[in-house]
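Enquirer: 3D model of this:
(2 chains)
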Amino acid sequence: MSADTTPIATLPVTLTVNGRKVQRFVEPRTLLIHFLREELSLTGAHIGCETSHCGACTVEIDGLSVKSCTLFAVQADGAAVNTVEGLANPDGTLHALQEGFRQMHGLQCGFCTPGMLMRAKVLLSENPDPTEEEIRHGIAGNLCRCTGYQNIVKAIQHAAATLNGRVFQEAAE
Amino acid sequence: MNEMVITRAEREARLEGMGCKRKRVEDVRFTQGRGQYVDDIKLPGMLHGDFVRSQYAHAKITRIDASKALALPGVIAVLTAEELKPLGLHWMPTLAGDVQAVLADGKVCFQNQEIAFVIAEDRYIVDDALQLIEVEYEELPVLVDPFRALDPEAPVIRPDLDGKMVGAHGPRKHHNHIFEWTIGDRPGTDEAFAAAEVTVKEMISYHRTHPSPLETCQCLAAFDKVKGELTLYGTFQAPHVIRTVASLLSKIPEHKIHVIAPDIGGGFGNKVGAYSGYICSIVASIVTGLPVKWVEDRMENLSTTSFARDYHMTTEIAATRDGKVTGLRVHVLADHGAFDACADPSKWPAGFMNIVTGSYDFPVAHLAVDGVYTNKAPGGVAYRCSFRVTEAAYCIERGMDILAQKLGMDPADLRMKNFIRREQFPYQSALGWEYDSGDYHLAMQKAMDAIDYRALRAEQKARQEAFRRGETREIMGIGVTFFTEIVGAGPSKNCDILGVAMFDSAEIRIHPTGSIIARMGSKSQGQGHETTWAQIIATELGIPAADIMIEEGNTDTAPYGLGTYGSRSTPVAGAAIALAARKIRNKAQMIAAHLLEVSEYDLEWDIDGFRVKGNPERSKTMTEIAWAAYNSPPPGLEPGLEAVSYYDPPNMTYPFGAYFCVMDIDVDTGVAAIRRFYALDDCGTRINPMIIEGQVHGGLTEAFAIAMGQEIKYDAMGNVQGASFMDFFLPTAVETPKWETDHTVTPSPHHPIGAKGVGESPNVGGVPCFSNAVNDAFGFLGSTHIQMPHDAWRVWEAAKRLGAHG
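Expert: Numbering: from 1, shown residues only, chains lettered A, B, ... in the order given. As a prediction, the model looks like this:
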């Protein structure tokens, strides 16, 4: 296989990222994850596999969970993209999910955490009070190597309780 | 009086010291995307590098042509072995005393071996250039099966060792032989077997797998030509060792190398060793004068930077008819791949495999390990395990079940009958270890009661009868495991890495206002050291953990240490922390005595300061003492309040645990449903129960994956079959069982705070527990041993083989 050595033309993209409008010229082949991390210096979303299996790169696009390693930046043109950097409340306090993960020991090395949080955010927007089984299925696209998921499930339950005005009783194990 | 008690409790609680479920300080940044991992670091002018890799498992390289790649705009350079040769860097030493090609030197010995390193302006151009490099090969016969490695006509994998019949660990008996390592009493063991009433023998394989942290191995090398200094950011579990090795190889003086391990996205043993990517990035940065980043992708990670296990253990146990073990004989065939790059302490070519007598009082034992080369990736790292302890635990725990089956004894009862008794500690094992402490009977009984073991056995018996009557297609397995770990490497008398003794260190500095910065030679990859190390200091020095900052991973500021793996941080660095704190407390006592105008001997420690014995109203808090240490120290005493401690442990620590798994297997689909998994761990003194439980959950999930499907397989041509997350089993939240955890506490008598380490116990104990459950389920159909991994296909095959399909 031989690569074409002519420079690749760039295309304009306009996105709303964490509520802020951004405009850039990108190569058509630039993946969204690289655009976010390299171009916008939003390094919260991570690259764990580049094959859509691990979910470390999960971001929210127009209300949906998307693995940003498998989408070109140009495909997100015009979209509203939310990343973990924009998750905290406007007053700077932690979002209920961030607080839930901290309270329930839902993270260890932290590498899967941004993707897991952004996935959980969409999950709770679709199903505000999920059962444990619904949470387990809901996060099945996000791999974690450290926690064994048990406390991630509790973290999401903790957040759901907070967002529904309840107090989550169970302790982290 | 009541008020007094509450005040003391409040003072205690305020510290968030040892034993409390302190929330993690790391989480504040990690939950906001503010962690800083290697690939998050961008330096001005930074270049990217990646490898051309071999498509063959064994071949001569007849030609490498990089001219088309070099003509591509944005490509800066291409390194091959030819470019590294003048620097003497085309080969590198491994931690195991072997050498490994940094870039293939005339031939490749495993698929995906590094051939050339391409450096370009961005990672997309690197990928373009990789396609343009032409490599011509002449294929060679491939050796995949380790059992054929020592055949007289087996292919020669390492012609560079031609004529070298003595390796780093003694004589080599064949061109593919690496070492033979033996320990124990061979004639005594042979006698025990000759005299035995009962013996069992089984070849128990522990397949090849991979630690696969979610963040792959990566580094960023930045050489400053003007200063002659190298800054190396990397995913390093042992940053100081990397600095020393980098200095020895590059000839850059060690003080001019700044190794920085920032946040690390999981390690599990994968990030201990030195890899070609590090060497090539450093060379590329020296050559170009610009920073060079190397980030491996998942395929590269799974297929090149280290594997784990691949031990084939022929296990024999001798016993009396009533179930008392009288001897253990194990021979291991160890498949090391093409280069021996095991990350073991240097004197231990088979790690601590000689913990294979496990939790049992074997009067005599013998172990022999033969390491061999094959056309597979190098490695042999301790995947969440202390240097082959997982292999050893799997070997003995499967072996004990096989013996129980032969004797017609319950496997839990057989273990109880043979446990080392509490009064035997410190216990000298037949293979040379001194177990520090344990109460195995107590732990086992607690676990059996917790799961109502006898009732489960009765249920299983009823299920077997129902299965025979054709009333159910589901069989039930109960996995029993009692493991003893050996962690905390290690005493300098027998543990070193390339000559560097395996001590660890801590430096604690109290500021005038009573807050603390402390630095260690350990390096967290998710273990939460920033949280737990502060808890040890809080208890020892009476300063709230919230006022203590922990810093690891920067070799310029942290004291020299050997890093974090093998569950060694708490046993070694944790001890150094306590001892450094105690040095400070001794000085603080002198200062407090001066301030209170009493003798030091009239003072006693009380939660967060010193008080006068018999007159508790007169006291000084550590915060008051800190101010005085700088501003009004006693005459003749130097100002300041800080200490450093280097801790050379007197012995290993020996955590243990009792694990039980209840499993239901559908014989027609091979699907195993985990009904219950109960894990009782004894890791001595518990620093943060929340973090311990979290580590147990994570380790059990890894054990579940390994036992039930995770494997790095090769076909007959040496093509690696499991090198993506499509093929390599990492459980999701759906497959992962729910974990029940429990504990007993038997402090280590030789550790300053009695802690033993826990991170790896669940992997060590979990794998045999799952495997024993599968084997236990099929035992009544006449099976003695089914090899791992127990994925649905293999379980189905076993069911078919045993006639369960009618």
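Enquirer: Need the pLDDT of the residue in chain A positioned nearest to chain B.
Expert: Closest contact between chain A and chain B, by CB to the nearest CB, is at A:Gly44 (2.2 Å). In short, each C-beta sits where N, CA and C put it, glycine included. We have a pLDDT of 98 for A:Gly44.
Enquirer: got a list of what it touches?
Expert: The contact partners of A:Gly44, taken as CB atoms under 8 Å, 6 or more residues apart in numbering or on different chains, are A:83-85, A:114, B:32-34.
Enquirer: can you tell me which of these are in helices?
Expert: A:Pro114 (DSSP state H).
Enquirer: so B:Asn554 makes contact with B:Phe236?
Expert: No - counting by CB atoms under 8 Å, B:Asn554 stays clear of B:Phe236, with 11.1 Å between them.
Enquirer: more crowded one of these two?
Expert: Counting neighbours by other CB atoms under 10 Å in any protein chain shown for B:Asn554 and for B:Phe236 shows that B:Phe236 has the greater number, 31 against 15.
Enquirer: Assign a three-state SS to the more buried one, would you?
Expert: Following DSSP: H, G, I helix; E, B strand; the rest coil, we place B:Phe236 in the coil state.
Enquirer: list the contacts for it?
Expert: Taking CB under 8 Å, 6+ apart, one finds B:242, B:259, B:261, B:264, B:271, B:523, B:553, B:563 in contact with B:Phe236.
Enquirer: Surely the fourth one touches B:Gly526?
Expert: Right, B:Ile264. Yes - contact criterion CB under 8 Å: B:Ile264 and B:Gly526 qualify, at 7.2 Å.
Enquirer: between the two, what contacts are shared?
Expert: Counting by CB under 8 Å, 6+ apart, the residues touching both B:Ile264 and B:Gly526 are A:Cys109.
Enquirer: Overlap in contacts, B:Asn554 and B:Phe236.
Expert: With contacts defined as CB under 8 Å, 6+ apart, the residues shared by B:Asn554 and B:Phe236 are B:259, B:261.
Enquirer: same for the helix or strand harbouring B:Ala575, what does it pack against?
Expert: Using DSSP states H and E, B:Ala575 maps to helix B:574-596. On a contact count with 3 or more CB pairs under 8 Å, 6 or more residues apart in numbering or on different chains; DSSP states H and E, helix B:574-596 meets strand B:504-510, strand B:516-520, helix B:529-541, strand B:603-605, strand B:609-612, strand B:615-621, helix B:622-631, strand B:642-647.
Enquirer: For residue 48, list the residues it contacts.
Expert: All of this is about chain A. A:54-57, A:111-112, A:143, B:214-216, B:265, B:298.
Enquirer: Oops, wrong one, chain B.
Expert: B:119-123, B:125-126, B:292-295.
Enquirer: Can you add secondary structure, pLDDT and neighbour count and give the residues you listed back as JSON lines?
Expert: Shown next, in JSON lines, are those (DSSP: H, G, I helix; E, B strand; the rest coil; pLDDT from 0 to 100; neighbours: other CB atoms under 10 Å in any protein chain shown):
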{"residue": "B:Ile119", "secondary structure": "strand", "pLDDT": "98", "neighbour count": "27"}
{"residue": "B:Ala120", "secondary structure": "strand", "pLDDT": "98", "neighbour count": "24"}
{"residue": "B:Glu121", "secondary structure": "coil", "pLDDT": "97", "neighbour count": "16"}
{"residue": "B:Asp122", "secondary structure": "coil", "pLDDT": "94", "neighbour count": "16"}
{"residue": "B:Arg123", "secondary structure": "helix", "pLDDT": "95", "neighbour count": "17"}
{"residue": "B:Ile125", "secondary structure": "helix", "pLDDT": "97", "neighbour count": "22"}
{"residue": "B:Val126", "secondary structure": "helix", "pLDDT": "98", "neighbour count": "24"}
{"residue": "B:Val292", "secondary structure": "strand", "pLDDT": "98", "neighbour count": "28"}
{"residue": "B:Lys293", "secondary structure": "strand", "pLDDT": "98", "neighbour count": "26"}
{"residue": "B:Trp294", "secondary structure": "strand", "pLDDT": "98", "neighbour count": "30"}
{"residue": "B:Val295", "secondary structure": "strand", "pLDDT": "98", "neighbour count": "21"}
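Enquirer: from those, which is closest to B:Ala338?
Expert: Proximity of the contacts of B:His48 to B:Ala338 (CB to CB) peaks at B:Trp294, which lies at 20.9 Å.
Enquirer: bridging residues for that closest one?
Expert: B:Gly49, B:Cys219 (DSSP bridges).
Enquirer: correct me, but it touches B:Ser281?
Expert: Yes - counting by CB under 8 Å, B:Ser281 is a contact partner of B:Trp294 at 4.5 Å.
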